[in-house]
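**Q** generate coordinates for the sequence data below:
(chains A and B)
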Amino acid sequence: MIEAVSPALPLLLGAALAVLLRGRARDAVSVAAAVAALGLVLLLPDREGGRIGWLGFRLVTVAVDPAARLFGAAFAIAALAGIVHALAQRNPLERAAALLYAGAALGIVFAGDLVTFTIFFELLAVGSTLVVWSGGRRAAALRYAAVHAFAGALLIAGAAAASAGGVTTFAAVAEAGPLARGLLLAGLLVNAGAFPFSFWVADAYPKASWSGAVFLSAFTTKAAVYGLIRLFPGESALVVFGAATVVYGAIYALNTRDLRALLSYSIVGQVGIMLMAVGTGSALALAAAALHAFAHVVYKAMMMMAAGGLVDAQGRTPLGAIGPFRRSMPVTALVLAIGALALSGLPLTAGFVSKSALSAALGKEGAAFAWFLLTASSAATFLYAVCRPLLLIETGAAARPLADPSPSRLAPMVLLAALTLAIGFVPAALLGRIPGTGAIAVLTPDHIVFQLAVLAAAALVLLLARAVILPGAATLHDIDSLWRTPLWRVVARWLGRPVATYGRARAGVVAVLRNALAGLERQHGPQGALGRNWPTGSMALSAAILLGATLLLAYI
Amino acid sequence: MIPAILRRAVLVLAAVVALLLGADFLVAHHPYFGIDGLPGFALAFGGLAALATLALGAAAGRLIARGAFDDD
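**A** Prediction:
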């Protein structure tokens, strides 16, 4: 019986009840829904479960395999931690939206056919838009909604084209024509935040509330990665998109001065790594991509929770702002530090485990380009997540004293940090549960020395070249600047420099000509020595002297 | 003028790098592409990757820096 119940169901029911209930009853239902979802993820057997008929389609709402269970576990953990963390959030809309969002993410993961998969992706867009909307930044929410309406349309059109023959299985996508595949791929890439569709991530996530950003960091992009694993394993274009996304994420994360924007760009960069692995396509590479997604959901959610504490402090999260609070908010500072080190792949953290799996998968496949880029991305991540924030950290006392957040906000943060370290210290506990990854060597001396050497060399280079520490800005131009900024202003900015240069050159030439004319004026003007009228007396005297001299010479 | 704490950090890191270089000669490598098994490769590659990232980031930063916090 249990195999017919999708883990999405308790969360969707919880979302409906969260609209109706208030206070402690709503809190209790929300937590119970998240616990039930996690329980189902762990207990469901590895096979297809619930089947229902809808509009002539045969929908499979529960299909469990190791990849689905791993993503499901990541999403259920993030949902439970996020809900407990958000208990202090009194916005009723955000609670219902978060439960809907989490339920949709789990619905995608356990969907057994293309129609169910697409329906849950549409629900995911609705839930996530409402979470952004709940943050109070309505313009950002509308931009987010527009992007995801576009992505949803691509997915629906692709799913319709792929199942035109009446077959709605995932396998039908492999047999589908280029139009159907292209539409589905584009829809998933937009949802994944792959370059050049990455702009919406750092536009929306930093503008969510302190609690909403936690859910946003976990679900949409990783659900899309799961979709790519399910529908496009071994698609070579993903290596190209993934590589461009890794570079984009590093450049932007290295230039921003906003902590939550940094975390958003970092999500994009890490998704790029997952895309490269999915594009490589071997069973080990797909498992490694799923493992990296799991680890990333865990440590990025806790980092967003920690950043949420700083939002309380000053409404914004300038990079280095933890400096003044590091003594009054020691747990928040510690969690941020553990997250940043895990993100960089430091040994004994979850990030090292998943990056080791990726390295082994790409290396064994002979995917040299992806392997070297993965290694370089570890150095880049260490620069933007650890070294640059440390150099930019603000000193001095806080403007107003602030303590670590309440226990309900602190506990999930600490538990996720503990999980990050536990996976790092005992990698076999996780790797042993994922088929094909059990044999990956993680905590071996050569791997540890290799990774530490990459990170230490990167840090040394940054310190020696600190003159080029990038000043950056809190907001950065992205692809969306093309339509968010009026065209005339962009053209004026582009033309501004040449016009200013021309103006300066013209002024210089005019000044030289004026000086020359002034010189002529001085010599030959009405008052000039050579141009002015001389008095008649002096002229007559001069003429008389000349005539006298002439007469004198004639008589001599 | 280099702050004392940065000078100390550089010295500590240089010592760590030297230690890791020594350790790299002692551990048994399992390279995938040959070159990644050479002692010192990770240090050289990590340093070059960091330089390239900084150069690319600095060049791009001039173009993409937009301004203060986006209140839109």
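**Q** so what's residue 64 up against?
**A** Assuming you mean chain A. Listed by CB atoms under 8 Å, 6 or more residues apart in numbering or on different chains, the contact set of residue A:64 reads A:3, A:44-49, A:72, A:110. The way it works is simple: take the backbone N, C-alpha and C, and place the C-beta from them, glycine included.
**Q** oops, I was thinking of chain B
**A** Contacts of residue B:64 (CB under 8 Å, 6+ apart): A:251-252, A:255, A:476-478.
**Q** where along the stretch 451-556 of chain A do the helices fall?
**A** Remark: helices assigned in the stretch 451-556 of chain A by DSSP state H, counting those that start in this stretch are A:481-484, A:487-524, A:536-555.
**Q** right, is the first one up against chain B?
**A** The reference is to helix A:481-484. Yes: under the criterion of CB under 8 Å from any CB of the partner chain, chain B is reached by helix A:481-484 at A:481, A:484.
**Q** so which bits of that helix are buried?
**A** For helix A:481-484, the neighbour count (16 or more other CB atoms under 10 Å in any protein chain shown) marks residue A:484 as buried.
**Q** quick one: distance of that helix to the chain centre.
**A** Put simply, helix A:481-484 sits 18 Å off its chain's centre (CA atoms, centre = their mean, to the nearest Å).
**Q** any idea of the mean pLDDT in that helix?
**A** The average pLDDT for helix A:481-484 rounds to 75.
**Q** can you tell me which residue of chain B sits closest to chain A?
**A** For chain B and chain A, the shortest gap (CB to the nearest CB) falls at residue B:32, measuring 3.1 Å.
**Q** okay, now the unreliable bits of the stretch 51-200 of chain A?
**A** The stretch 51-200 of chain A contains no residues with pLDDT under 70.
**Q** again, but for chain B
**A** In chain B (pLDDT under 70), the answer is B:1-2, B:67-72.
**Q** go with 50
**A** Flagging of chain B using pLDDT under 50 yields the residue ranges B:1.
**Q** show me where it has helices.
**A** For chain B, the helices defined by DSSP state H occupy B:4-26, B:41-64.
**Q** kindly provide the distance from the nearest residue to residue A:408 once chain neighbours are set aside to residue A:158.
**A** Using CB to CB, 6 or more residues apart in numbering or on different chains and skipping residues adjacent in sequence, the residue nearest residue A:408 is residue A:87, 4.7 Å away. According to CB to CB, to the nearest Å, residue A:87 and residue A:158 sit 39 Å apart.
**Q** with neighbour numbers in mind, choose between those two.
**A** A direct count of neighbours by other CB atoms under 10 Å in any protein chain shown for residue A:87 and residue A:158 places residue A:158 higher, at 25 against 18.
**Q** hmm, residue A:189 and that one touching each other?
**A** No: applying CB atoms under 8 Å, one finds residue A:158 not in contact with residue A:189, separated by 11.4 Å.
**Q** related to what we said a few turns ago, hey, which of the helices of the stretch 451-556 of chain A is tucked in deepest?
**A** Burial of these is given as mean neighbour count (mean count of other CB atoms under 10 Å in any protein chain shown); helix A:481-484 ranks first at a mean of 13.
**Q** how about residue A:429, what does it touch?
**A** Residue A:429 is in contact with A:422-423, counting by CB under 8 Å, 6+ apart.
**Q** no wait, residue A:202
**A** Residues near residue A:202 by CB under 8 Å, 6+ apart: A:252, A:256, A:261, A:264-265, A:268, A:476, A:478.
**Q** could you do residue A:526 as well?
**A** residue A:532.
**Q** so how far is residue A:304 from it?
**A** Per CB to CB, residue A:526 is found 80 Å from residue A:304.
**Q** about what we covered before: compare the contacts of residue A:64 and tell me which is most surrounded.
**A** Neighbour max across the contacts of residue A:64 (other CB under 10 Å) = residue A:110, 31 neighbours.
**Q** can I assume residue A:260 is in contact with residue A:318?
**A** No: assessed by CB under 8 Å, residue A:260 is found out of contact with residue A:318, at 10.0 Å.
**Q** neighbour count: those two, which is higher?
**A** Using other CB under 10 Å as the criterion, residue A:260 and residue A:318 rank with residue A:260 on top: 25 against 17.
**Q** got the contact list for the residue nearest to the residue of chain B closest to chain A when sequence neighbours are not counted?
**A** Distances taken as CB to CB, 6+ apart put residue A:363 closest to residue B:32, at 3.1 Å, once the chain neighbours are dropped. Listed by CB under 8 Å, 6+ apart, the contact partners of residue A:363 are A:371, B:32-33.
**Q** weed out the non-buried ones from these.
**A** A:371, B:32.
**Q** any idea which of the contacts of residue A:363 is closest to residue A:217?
**A** Minimum distance to residue A:217 across the contacts of residue A:363 is 26.8 Å, recorded for residue A:371 (CB to CB).
**Q** read off the pLDDT value for the closest one.
**A** With respect to pLDDT, residue A:371 scores 97.
**Q** what is the helix or strand encompassing it packed up against?
**A** Here residue A:371, judged by DSSP states H and E, is contained in helix A:368-382. With contacts defined as 3 or more CB pairs under 8 Å, 6 or more residues apart in numbering or on different chains; DSSP states H and E, the packing partners of helix A:368-382 are helix A:237-253, helix A:259-280, helix A:350-364, helix A:445-464, helix B:41-64.
**Q** and the third one, how far out from the chain middle?
**A** Okay, so that is helix A:350-364. Mean-position distance between helix A:350-364 and its chain equals 21 Å (CA atoms, centre = their mean).
**Q** what average pLDDT does that helix get?
**A** Per-residue pLDDT over helix A:350-364 has a mean of 96.
**Q** which of the residues in that helix are buried?
**A** Residues of helix A:350-364 classed as buried by neighbour count (16+ other CB under 10 Å): A:350-363.
**Q** how about the residues you listed in TSV, adding distance to residue A:238?
**A** Output for the buried residues of helix A:350-364, formatted as TSV (distance: CB to CB, whole Å):
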residue	distance to residue A:238
A:350	24
A:351	22
A:352	24
A:353	23
A:354	18
A:355	18
A:356	21
A:357	18
A:358	14
A:359	18
A:360	19
A:361	14
A:362	13
A:363	18
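**Q** and which of those residues is nearest to chain B?
**A** Within the buried residues of helix A:350-364, the smallest distance to chain B is 3.1 Å, found for residue A:363 (CB to the nearest CB).
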